[in-house]
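Colleague: I'll drop the sequence and a predicted model, then ask my questions.
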Amino acid sequence: MNSQILDRVVASGICGIKKAELKKIYGKECEDSLETLAKDDKIVVDSKGIAHYVWSKENYISHLSEHDPKFKIISRLVKNLENTINQMKVEESAKQEQRPVDFKMHFDHAIVELSSSLGWVPFVGIREKICKMLGISQESFYSLALELIESNHGKYEISTGGQEGIHVRGLLHGYIRRL
């Protein structure tokens, strides 16, 4: 009987069906079925004027979005918020995909531009330039730098000393050069 009642409620569309009409069709025994379906979140029972109407969950939301101005406003705000969040996620994932490539390019360029006659550059100079250019934090810079150096062992050489840099095996390495 639950499935018959549910089919009838779904077929009623966004207008819903009067609870009294369901009782005429299925008898007073349908009351228990309606309670069960409501507990399972398959239907919604609500007042419309003085009568009680029954909707499927989806049809009830459609009914509210067409007839309730407050619901329309809230629904629009939620959709706008969802769109903004999705757009931010897309932009952030695009930045994450682009960041390592940009970082390596800018990192290598900064080494060439700031290096001494022997090729050594203090990390602090590279960090200041790249953090400003890419808009990243000091922590992000050193994390990306360490990852880049570890993944390209033969391309970079680091040296201990300096005021700031990366820590490798417990020592502060504040200078770098490209090989």
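Modeller: It's in. Numbers count the residues shown, from 1 in each chain.
Colleague: Which parts of the chain are helices?
Modeller: Assigned by DSSP state H, the helices in the chain fall at 2-11, 19-26, 30-39, 57-67, 69-114, 123-134, 138-151.
Colleague: Return the member of those helices having the minimum mean pLDDT.
Modeller: Between those, the lowest average pLDDT goes to helix 69-114, which shows a mean of 82.
Colleague: Report all helices and strands that that one contacts.
Modeller: Under the contact definition 3 or more C-beta pairs under 8 Å, 6 or more residues apart in numbering; DSSP states H and E, helix 69-114 sits against helix 57-67, strand 121-122, helix 123-134, helix 138-151, strand 171-178. To be clear about C-beta, it is placed using only N, CA and C from the backbone, and glycine gets the same treatment.
Colleague: so what's residue 171 up against?
Modeller: residue 160 (C-beta atoms under 8 Å, 6 or more residues apart in numbering).
Colleague: Model confidence score at it, please.
Modeller: 88.
Colleague: For the closest residue to residue 145 other than its chain neighbours, give me its contacts.
Modeller: The shortest distance from residue 145 to any non-neighbouring residue, by C-beta to C-beta, 6 or more residues apart in numbering, is to residue 166 (6.0 Å). Residues counted as contacts of residue 166 (C-beta under 8 Å, 6+ apart) are 123, 142, 145-146, 149, 158, 172-173.
Colleague: If residue 166 is in a bridge, with which residues?
Modeller: residue 173 (DSSP bridges).
Colleague: Next up, the contacts around residue 161.
Modeller: Listed by C-beta under 8 Å, 6+ apart, the contact set of residue 161 reads 172-175.
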